[in-house]
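Undergrad: Could you work out the structure for the sequence below:
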Amino acid sequence: MSEAIDVVRHARARRAKLSFDPTTGRFRLTIPKRAALAPLMAWARSLDAWIAEQRAGLPQPRPFVPGATFPFDGATITIAWGADAARRVERHGDQLIVGGPVDRVEARVAAWVKQQALALLTADTRHYAERAGVAVTQVGVGDPRGRWGSCASHGAIRYSWRLVLAPPEVRRATAAHEVAHRVHMNHGPEFHALVETLFGRDPTPERQWLRRHGAALHWYGRSSSEGSEPRAG
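TA: Numbers count the residues shown, from 1 in each chain. Here you go, the predicted model:
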């Protein structure tokens, strides 16, 4: 078995645990702080059947290359490249027209998607902030692996740009969730009640959608070579 396994020594670990992250496609071996590594790594590498099962269910990388398709704000977009097309990336219906050097297509499409994600999430955030009667000092996007949004105590909200790949209602439910944190910096009953009020209904179906399909969103705009190097900690 040749899978790379990240090793993490944890002070509170009482036994070895092998886990898999479908977002990154990596395996992690968590072991006690002073445990001998060699026998525990041998144990992890003996779990061939389980490792193969996890790997078989992993989404395939979906790079932003000519001819590729990707979900976007409820539609399915096809990347249409032409050497003579305008250099500015433009959407025409369900096609994204990209010109210029073909080796720059991935970077230019990724930049366009992130720009559009910021615009849409900014509009969503403003909408819910007005409903809640709160101020949001800044809206930004990034590519976190562990969360879809975050709200700082000073009023700035950041999102994963990959939310634009989810159905629009999933993106909006996330925005309502983060705006509600401008009132309640916790996840208590009052917080959840406010999220429902802002969103207009119970957002449980949207949260469930992210739990089921969220990992696959991290494989768009990603090549097959990413995440292949082992790490130790």
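Undergrad: Spell out the residue ranges of the strands in the chain.
TA: Ranges of strands in the chain, per DSSP state E, are 5-10, 17-21, 26-32, 69-72, 75-81, 90-92, 95-98, 138-142, 149-151, 156-160.
Undergrad: how about these, which one is nearest residue 191?
TA: Residue 191 lies closest to strand 149-151 among the strands of the chain, at 11.1 Å (Cβ to Cβ). Any C-beta I mention is one placed from the backbone N, CA and C, and that applies to glycine too.
Undergrad: which parts of the longest helix along the chain are buried?
TA: When the chain is parsed with DSSP state H, its longest helix is helix 105-132. For helix 105-132, the neighbour count (16 or more other Cβ atoms under 10 Å) marks 105-106, 108-110, 112-114, 116-118, 120-122, 124-125, 128-129, 132 as buried.
Undergrad: Report the rounded mean pLDDT for it.
TA: Averaging pLDDT along helix 105-132 yields 98.
Undergrad: got it, and stretch 90-102?
TA: 96.
Undergrad: and the end-to-end length of it?
TA: Terminal residues of stretch 90-102 lie 16 Å apart, using Cα to Cα, to the nearest Å.
Undergrad: okay, and for this structure, where does confidence drop off?
TA: Along the chain, the model assigns pLDDT under 70 to residues 1-3, 224-233.
Undergrad: quick check: domain ranges of it?
TA: 5-56, 69-217 (automatic domain parsing).
Undergrad: Just checking the distance from the longest one to the centre of its chain.
TA: Its chain's average C-alpha position is 10 Å from that of domain 69-217, according to Cα atoms, centre = their mean, to the nearest Å.
Undergrad: ok, residue 154 - contacts?
TA: Taking Cβ atoms under 8 Å, 6 or more residues apart in numbering, we find residue 154 in contact with residue 137.
Undergrad: Same question for residue 190.
TA: By Cβ under 8 Å, 6+ apart, the contact set of residue 190 is residue 184.
Undergrad: separation between it and residue 79?
TA: 44 Å (Cβ to Cβ, to the nearest Å).
Undergrad: Perfect, that will be all.
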